[in-house]
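A.B. asks: My questions concern the predicted model and sequence given below.
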Amino acid sequence: MAKLTDTQLVVLSKAAARDDSLAVVPQKMNKAAASKVGSSLVARKLMRELKAKPGMPVWREDEDGRGISLMITRAGRDAIGVEGETEAAATPAKQKKMDVAGKASATKESIASTASRPRDGSKQALVISMLSKKSGATIDALIDATGWLPHTTRAALTGLRKRGFAVERSREDGEASVYRIVGSAGA
């Protein structure tokens, strides 16, 4: 798959972070740019269009002036390295399983106060440990360690920021940018 732009990564990451998995037009983006970004994501099957219902964020309007919303797809989640299935995309049988699993996980979450921590041994845990070191890590070092593509690695950094980690970027003259975690919301 071709490289995603920073704007596409932001739109996908924000949609993945929402409970309803819907994209919201960034505040400083004009209609023409939003239309271009949205159509490119739909063409790549990373998002899908659906008729906007009351209360849903409208991405664009069709020829008749009806609102159209964008929802992230499974491929969109995979492109940014985020796990989870959208509830709206689940079949009724899967929805029932998700409801039962949700009740079980709610009990587990009440026991574990660190729900945002990644699973031990996962690539996200590896990224956090590399960024937690005093020396930090470059994008290239993270790519080498995880095997991810550059856009997936950048999306993982965005995901960490969304989960409350304070990720700092510094750059020396002529050197690659170094990223490090300087704090988290849970700390």
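C.D. replies: Yep, it's here.

A.B. asks: Okay, helices next: where are they in this protein?
C.D. replies: 6-17, 31-43, 74-80, 92-111, 123-132, 139-146, 150-162 (DSSP state H).

A.B. asks: if you average pLDDT over the longest one, what comes out?
C.D. replies: Same thing as helix 92-111. Across helix 92-111, pLDDT averages out at 46.

A.B. asks: Give the bridge partners for G67, please.
C.D. replies: Counting by DSSP bridges, G67 is bridged to E61.

A.B. asks: Wait, it touches A52, no?
C.D. replies: Yes. Between G67 and A52 there is a contact at 3.3 Å, judged by CB atoms under 8 Å. Where you see a C-beta, it was placed from the backbone N, CA and C, and this is true even at glycine.

A.B. asks: Could you tell me which residues touch both of these two?
C.D. replies: V58 (CB atoms under 8 Å, 6 or more residues apart in numbering).

A.B. asks: coming back round to it: closest to E175 out of the helices of the chain?
C.D. replies: Ranking the helices of the chain by proximity to E175 (CB to CB) places helix 139-146 first, at 11.4 Å.

A.B. asks: can you redo the helices of the chain as JSON lines with distance to A23 and mean neighbour count?
C.D. replies: Converted to JSON lines, these look like this (distance: least, CB to CB, whole Å; neighbours: other CB atoms under 10 Å):
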{"stretch": "helix 6-17", "distance to A23": "4", "mean neighbour count": "20"}
{"stretch": "helix 31-43", "distance to A23": "7", "mean neighbour count": "16"}
{"stretch": "helix 74-80", "distance to A23": "9", "mean neighbour count": "19"}
{"stretch": "helix 92-111", "distance to A23": "21", "mean neighbour count": "11"}
{"stretch": "helix 123-132", "distance to A23": "23", "mean neighbour count": "18"}
{"stretch": "helix 139-146", "distance to A23": "25", "mean neighbour count": "16"}
{"stretch": "helix 150-162", "distance to A23": "14", "mean neighbour count": "19"}
